[in-house]
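> Build the 3D model from these lines:
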Amino acid sequence: RSLQVAERPVEVNVVDFATLSIVQQLKHVRQCHVMIGMHGAALGFIPFTSPNTGIVELLPQAYARHNPHSVNNIFRNLAGWFLRGYKSVIVAVEAGQVSP
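Numbering: from 1, shown residues only. Below you'll find the model as predicted:
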């Protein structure tokens with residue numbers, strides 16, 4: 001998929017890690033410029049991203065409503081420890097309703 005931003009083409013890859021080997025997953029993580037993912041285990045790959053990779057964590061409303069300052073901070077902290085830019089976005093879905 002591609003998208004046009006500021007008159008520059010941007011490549012967007014939607015990847016379902018469940019279908020890939022760990023080596024293939026790491027290859028995708030290492031090559032991305034911005035990693036966008038639902039709150040969950042796949043964001044544990046943050047340490048393997050390139051130094052200039054930005055991280056966007058999608059938080060279902062249920063997490064933000066019930067745990068605004070607890071476990072949700074794990075990926076923000078991980079991004080900070082590895083000097084990656086980080087942003088969280090609350091999304092209007094409940095946990096388990098998002099598919100690639």
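> Tell me the spacing between Val56 and Val23.
Val56 is 24 Å from Val23, where distance means CB to CB, to the nearest Å. In short, each C-beta sits where N, CA and C put it, glycine included.
> for Pro51, same thing?
Distance from Pro51 to Val23, counting by CB to CB: 21 Å.
> Check Phe17 too.
From Phe17 to Val23 the distance is 12 Å (CB to CB).
> Which parts of the protein are strands?
Applying DSSP state E to the chain gives strands spanning 2-5, 8-11, 34-38, 54-60, 85-91.
> Out of the ones you listed, which gets nearest to Ile74?
Closest of the strands of the chain to Ile74 is strand 54-60, at 9.5 Å (criterion: CB to CB).
> related to what we said a few turns ago, so for Phe17 and Val23, which residue has more residues nearby?
Per other CB atoms under 10 Å, whichever of Phe17 and Val23 has more neighbours is Phe17, with 17 against 7.
> Check the gap between that one and Pro51 for me.
22 Å.
> do the same with Val12
According to CB to CB, Val12 and Pro51 sit 21 Å apart.
> Could you do Gln61 as well?
32 Å.
> between the two, who's got more neighbours?
Neighbours were counted for Gln61 and for Pro51 using other CB under 10 Å; Gln61 has more, 13 against 7.
> Can you give me every residue that contacts the more buried one?
For Gln61, the contact set (CB atoms under 8 Å, 6 or more residues apart in numbering) comprises Ile90, Val91, Ala92, Val93, Glu94.
> Same question for Arg30.
By CB under 8 Å, 6+ apart, the contact set of Arg30 is Phe48, Thr49, Ser50.
> most surrounded residue in the residues you listed?
Thr49 (21 neighbours).
> and it, what pLDDT?
pLDDT, Thr49: 96.
> need the strands of the chain in CSV with mean pLDDT and mean neighbour count, can you?
Below are the strands of the chain laid out as CSV (pLDDT from 0 to 100; neighbours: other CB atoms under 10 Å):
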stretch, mean pLDDT, mean neighbour count
strand 2-5, 48, 8
strand 8-11, 75, 9
strand 34-38, 92, 18
strand 54-60, 89, 19
strand 85-91, 89, 14
